[in-house]
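Enquirer: Using only what follows, build the 3D model:
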Amino acid sequence: MSLQASSFALLDDLASRFAGESIFAQPGSDEGLIPCYSLLTEMIDHVKDMPDFSGVIKALHTRLDGLLTEAKALDAASAQQIKELAGWLTGALSAVRQGKTPEPLAAQAASAPVAPAVASAPVAVAEVDEVMELDLAENRELLGEFHSEGLDHLQQIEAALLSLDAAPDDRDALNGLFRSFHTIKGVSGFLHLVPMHKLTHEVESLLDLARTDRLRLTPAIITEVLNSRDAIQEMMGQITVALESGRQPDKAVHVSHLIAAVRRLSVPDGAAAPAPVASVPTPSPVVAAAPVAVAPVLAAAAPVIAAQPGNASAAPFVSDASAKPVAAAVSSSVRVNTEKLDSLVDVVGELVIVQSQLLESAKGVDASGSALGRNMAQLSRITKELQLTAMSLRMVPVKPTFQRMERLVRDLSRDFGKQVAFETRGDETEIDRTVAEEIVDPLVHMVRNSLDHGLESPADRSKAGKPEQGRLRLAAFHEGSNLVIELVDDGRGINRARVLDKARRQGLVAEGANPSPAEIVNMIFLPGFSTAEKVTAVSGRGVGMDVVKRNIERLRGHIHIDTEEGKGTTFRIQLPLTTAIIDGLLVRVGADRFILPTIMVQVALRPTREMLTTIQGRGEVMDHRGKILPLHRLHRRFGIEGATEDPTQGIVVIIELGGKVYALLVDELLNKQEVVIKNLGAYLQNLPGVAGGAILGDGTIALILDPASLCSG
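Expert: Numbers count the residues shown, from 1 in each chain. Prediction:
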């Protein structure tokens, strides 16, 4: 029996934590039950090749699982086994480290009777459709941990199911799926969450048949398990509301039809009739607690936190599905309230502003080589590092967002009768949490549009000489200080002639207008525009793509379309990595200063007289590399006096928005810098042309411009 040093370190850590929790394991009490159960779960995955350890650990794990399933406290035998195992583990690990065979555990846990996992008598399915009762006064902290960890499990469940839908023999996905349902089942039973507990129990039984090769997963089974996962998510949503408001749920999530469907599908291969599936007895009702306001809990990727002694209800909910390879498992993370995280980022932003002000004040002092100069340089380095660290705390992978799109593709492709191979790239690319939340809706509309309008039916693809299975790829990657998301399909592409004809018939194009190919393609973003021949459940009402453009521009990003008829279409979204700090171009107009987001800036130049003219009906324009661009004077828009009237004496900044290019006239370019975005308050919140404000190094405020509303007004 040989183990790497990292494996010993991990098992030593688990054994030490298990010994700490065993102190609270007392007969008739539930203190220490869940922490011990969770730690045993982690150990199982790391001692599977160590028979001297795996037998006793699995036996005790099974016993505790039975207690959790029946929502029982520790009995005397279980409490004694926990303490004996805790005392034995340290010496046994030490023996293995020295190359010796560990002495057997004196009181073998395997010989003790195991508490039954399920009741023998079935219960009517209809009993399950009841409102969950949350004892917030008693279980508030444990519910918070369960809620956060449960959300992680739901993401893992969906990812595993989608993987199994493509590869039913994926054992790793199946085992991870089983562990996630198993863990949710155990703790939901302990917390008396009856509907969730019974549903997960039935799904776990079905998955166990597949895990032991008595049942093969089919698309029908995966669909029902996905539906069960959605019902669990709805119940998790009720817990979210309860934790935030302190109010008990007032609506039952109906799961009886799901339980019935799962039971019908739980037919072992070769069996003539469904195996009887016993329902777990309904735990005694819990009295509703007084409202307790709880802030939402931020879900983390690997929540492994040591429990606080003497407080079992606050003990961490550490999942078996969270077990990672040894190298990753050694590290740990903590859950942080999102309000505290945002407060930290705000304070760091204030520090950045103060540091800029100190640097501005030091400009008038010759500090080169002095202690002041060295201290200011050190302050700048520390502030920058702190700023980067604080901003990284807001960053989350786009994988959960992409995973939601994968589920959407699966469901819609079946509705449309289309064969689609969905591929994702750059799942681990990180993006600001706020941006990740806001980008979901645009991506949903874009995926629907690609599936409905972009990809052809199998018959049409065959006629066009294409494979019957269409391809849809969603990718994310960093490009400079921006995030780029691309949605690519190999469908029919956008028919520009049809788009232009439809736009004219809908009165969306002016008479006599001759738009460019890029402008024609961007007409799909016009409100009310649709090329669908008939209205369906997902398209044809003229809403959707305008929402995409509006939401992306609200995030200070822009979208570009590259399409070739008969070949496919690429939607390219470019977004800032964060909404808290902006990379901006500081410009002066008169005595005022403004900030332009650099993500939209193409170039800045001083125009010549020959480049400027006035066109009837269009106003002032500028010829830039053969393109006629409308010229916008910022000083006229904001009523600023003393600004440059002659464009040849000022600077023109060329910006691009949604495929259209505009020219902004300013007096002077000052510099390029990162600024902390500040909300201007309710009074100035919806001011056209303004996205926010920033405090500059000299303490003055500069408005951050919103070119989208500025140039459209």
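Enquirer: which is the next helix or strand following the helix-or-strand element of the chain with minimal mean pLDDT?
Expert: Ranked by mean pLDDT, DSSP states H and E, the helix or strand of the chain with the weakest confidence is helix 326-329, at a mean of 36. For helix 326-329, the following helix or strand on the C-terminal side (DSSP states H and E) is helix 338-362.
Enquirer: Other residues contacting that following helix?
Expert: Helix 338-362 has contacts (CB atoms under 8 Å, 6 or more residues apart in numbering) with 295-296, 298, 372-373, 376, 379-380, 383, 386-387, 390-391, 393-394, 433, 580-581, 676, 695-699. In short, each C-beta sits where N, CA and C put it, glycine included.
Enquirer: what do you get for stretch 612-629?
Expert: Contact partners of stretch 612-629, identified using CB under 8 Å, 6+ apart, comprise 607, 610-611, 630-631, 633, 647-648, 652, 654, 661-663.
Enquirer: Now with 6 Å, please.
Expert: Stretch 612-629 is contacted from outside by P607, M611, P630, L631, P647, V661, A663, using CB atoms under 6 Å, 6 or more residues apart in numbering.
Enquirer: how about it: buried residues?
Expert: For stretch 612-629, burial by neighbour count (16 or more other CB atoms under 10 Å) applies to L612, E620, V621, M622, H624, L629.
Enquirer: and the fifth one, what are its bridge partners?
Expert: The residues listed as beta-bridge partners of H624 by DSSP bridges are K627.
Enquirer: if I look at it, how far off is A708?
Expert: According to CB to CB, to the nearest Å, H624 and A708 sit 20 Å apart.
Enquirer: try the first one
Expert: As judged by CB to CB, L612 and A708 stand 24 Å apart.
Enquirer: A708 contacts I552, correct?
Expert: No - assessed by CB atoms under 6 Å, A708 is found out of contact with I552, at 9.6 Å.
Enquirer: about what we covered before: pLDDT-wise, what's the bottom of the contacts of stretch 612-629?
Expert: Taking the contacts of stretch 612-629 together, the minimum pLDDT is found at V661 (85).
Enquirer: which residues touch stretch 381-389?
Expert: With contact meaning CB under 6 Å, 6+ apart, stretch 381-389 is reached by V348, L351, V352, Q355.
Enquirer: let's go with 8 Å and repeat that
Expert: Contacts with stretch 381-389, where a contact means CB under 8 Å, 6+ apart, come from V348, G349, L351, V352, Q355, I581.
Enquirer: biggest strand in the chain, by residue count?
Expert: If you go by DSSP state E, the chain has its longest strand at strand 469-479.
Enquirer: and the helix or strand following that strand, which strands flank it?
Expert: As assigned by DSSP H and E, the chain's next helix or strand after strand 469-479 is strand 482-489. Paired neighbours of strand 482-489 in the sheet (DSSP bridges): strand 469-479 (antiparallel), strand 568-576 (antiparallel).
Enquirer: May I have strand 482-489 exported as CSV, CA atoms only?
Expert: Extracted in CSV, the C-alpha atoms of strand 482-489 (Å, rounded to 0.1, in the frame of the first residue of the first chain):
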residue,chain,number,x,y,z
ASN,A,482,-12.0,42.8,-22.8
LEU,A,483,-14.0,39.6,-22.9
VAL,A,484,-15.1,38.3,-26.2
ILE,A,485,-18.0,35.8,-26.6
GLU,A,486,-18.7,34.2,-30.0
LEU,A,487,-21.7,32.2,-31.1
VAL,A,488,-21.0,30.4,-34.4
ASP,A,489,-23.4,28.3,-36.4
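Enquirer: starting at the chain centroid, how far to that strand?
Expert: 17 Å (CA atoms, centre = their mean, to the nearest Å).
Enquirer: Repeat that for stretch 253-272.
Expert: Computed by CA atoms, centre = their mean, the chain-centroid distance of stretch 253-272 equals 31 Å.
Enquirer: Show residues contacting it.
Expert: 125-126, 128-129, 132, 195-196, 198-199, 202-203, 205-206, 209, 214-216, 220-221, 224-225, 227-228, 231, 234-235, 238, 273-275, 277.
Enquirer: can you pull the buried residues of it?
Expert: Result for stretch 253-272 [16+ other CB under 10 Å]: buried residues V253, V255, S256, L258, I259, A261, V262, R263, L265, S266, V267.
Enquirer: Let me know the closest of these to F181.
Expert: V262 (10.9 Å; CB to CB).
Enquirer: and the closest residue to L162 other than its chain neighbours, what is it in contact with?
Expert: For L162, ignoring the flanking residues on the chain, the nearest one in space by CB to CB, 6 or more residues apart in numbering is E406 at 5.1 Å. Counting by CB under 8 Å, 6+ apart, E406 touches A159, L162, F422, T424.
Enquirer: distance of E406 from L443?
Expert: Distance, E406 to L443, using CB to CB: 11 Å.
Enquirer: likewise I573?
Expert: Counting by CB to CB - I573 and L443 are separated by 8 Å.
Enquirer: Do a quick rundown of the strands in the stretch 551-700 of the chain.
Expert: For the stretch 551-700 of the chain, strands defined by DSSP state E, counting those that start in this stretch occupy the ranges 558-564, 568-576, 581-589, 592-597, 601-605, 612-615, 619-624, 627-633, 651-657, 660-666, 668-676, 690-695.
Enquirer: Among the contacts of helix 338-362, which lie within helices?
Expert: Counted as lying in helices by DSSP state H, out of those, are L372, G373, M376, L379, S380, T383, L386, Q387, A390, M391, L393, R433.
Enquirer: Rebuild those as a markdown table, extending it with distance to A15, pLDDT and neighbour count.
Expert: Conversion of the ones in helices among the contacts of helix 338-362 to a markdown table gives the following (distance: CB to CB, whole Å; pLDDT from 0 to 100; neighbours: other CB atoms under 10 Å):
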| residue | distance to A15 | pLDDT | neighbour count |
| --- | --- | --- | --- |
| L372 | 54 | 80 | 14 |
| G373 | 54 | 78 | 14 |
| M376 | 50 | 83 | 18 |
| L379 | 45 | 87 | 15 |
| S380 | 46 | 84 | 14 |
| T383 | 43 | 85 | 18 |
| L386 | 37 | 86 | 16 |
| Q387 | 40 | 79 | 20 |
| A390 | 36 | 81 | 20 |
| M391 | 38 | 78 | 17 |
| L393 | 32 | 83 | 15 |
| R433 | 36 | 83 | 19 |
